[in-house]
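Asker: what shape does this take:
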Amino acid sequence: MGERTYSVDIGTQRLDLPVVSLNDHLALALLITVDAGVEFMSRAGGELAEILRPYDVDIVATVATMGIPLVVEVTRHLGLDQYVVLHKTPKIHLADAVSEPVRSITTDAEQRLLFDRARIKDVAAKRVAIVDDVISTGASTGAALRLLRGVGADIVIIGTLVTEASLWRSALGDDARKVRALGSIPVFRPDGAGGYVEDWVG
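Answerer: A predicted model of the protein is given here:
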């Protein structure tokens, strides 16, 4: 049987995403930004930057790892130089990091978002945009919001390549109004006959 794919428009570009089973009840269309290519990410980052531009952003933040190619391009297209990354993997420079618990839809165990204390000065009292590759359950975005607000950032807008289903809306509450996306994808449920049906609720 060939690989199942889902075709999605992300801004002016189209990608065929592999549909991968997460468990017996759920499959996801996977957007792997580190495999999307330089040209794709440059154009997507430019298109998302134009959506964020009216919000007069001082600095852009993202969650590692898949958000990194996006934050680089959005920052570049906004004419900014610095961006900040919230990490999920402990590193030597994060020994004394500010942290916030997070549980991702694609990860079994609870993780922690880690933010280098040396970078607090770059976001405190600044107009910050959070960007990420996909907003699905809203867990990572919500943790990023709590962490950055906890160190004094003013989150003015949230940008993503795609939203996935709609669980994120209730998870983010009032902050869901800040989300701007270049596209949207469903999650998938087995149809009982070896295929999948689209689930836009989640």
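
Asker: from here on, just use CA atoms for contacts and neighbour counts.
Answerer: Noted.

Asker: got the contact list for the residue positioned nearest the centre of the chain?
Answerer: Nearest to the geometric centre of the chain sits residue 132, at 2.3 Å (CA atoms, centre = their mean). Neighbour list for residue 132: 62, 63, 66, 67, 70, 71, 159, 160, 161 [criterion: CA atoms under 8 Å, 6 or more residues apart in numbering].

Asker: closest to residue 196 out of these?
Answerer: Checking these against residue 196 by CA to CA gives residue 161 as the nearest, at 23.2 Å.

Asker: how about stretch 188-196 as CSV, C-alpha atoms only?
Answerer: Extracted in CSV, the C-alpha atoms of stretch 188-196 (Å, rounded to 0.1, in the frame of the first residue of the first chain):
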residue,chain,number,x,y,z
PHE,A,188,-7.7,11.8,10.8
ARG,A,189,-9.7,9.0,12.2
PRO,A,190,-9.8,5.4,10.9
ASP,A,191,-12.9,4.7,8.8
GLY,A,192,-13.0,1.0,9.6
ALA,A,193,-12.2,0.0,6.1
GLY,A,194,-8.5,0.7,6.0
GLY,A,195,-8.7,4.4,5.3
TYR,A,196,-9.2,7.6,7.2
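
Asker: which residues are contacting that stretch?
Answerer: 24, 25, 26, 27, 28, 197, 198, 199.

Asker: show me where the chain dips below the pLDDT cut-off.
Answerer: Low-confidence segments of the chain (pLDDT under 70): 1-2, 104-108.

Asker: run the last query once more with 80
Answerer: 1-3, 103-109 (pLDDT under 80).

Asker: can you show me the strands along it?
Answerer: Along the chain, counting by DSSP state E, strands occupy 5-10, 13-23, 26-29, 59-63, 83-86, 98-102, 111-115, 127-135, 154-164, 179-185, 187-190, 196-199.

Asker: returning to what we had before: just the buried ones from the contacts of residue 132?
Answerer: For those, a burial check counting by 16 or more other CA atoms under 10 Å picks out 62, 63, 66, 67, 70, 71, 159, 160, 161.

Asker: tell me who's in contact with residue 81.
Answerer: Contact analysis of residue 81 by CA under 8 Å, 6+ apart lists residue 75.

Asker: how about a cut-off of 10 Å?
Answerer: For residue 81, the contacting residues are 58, 59, 60, 72, 75, by CA atoms under 10 Å, 6 or more residues apart in numbering.
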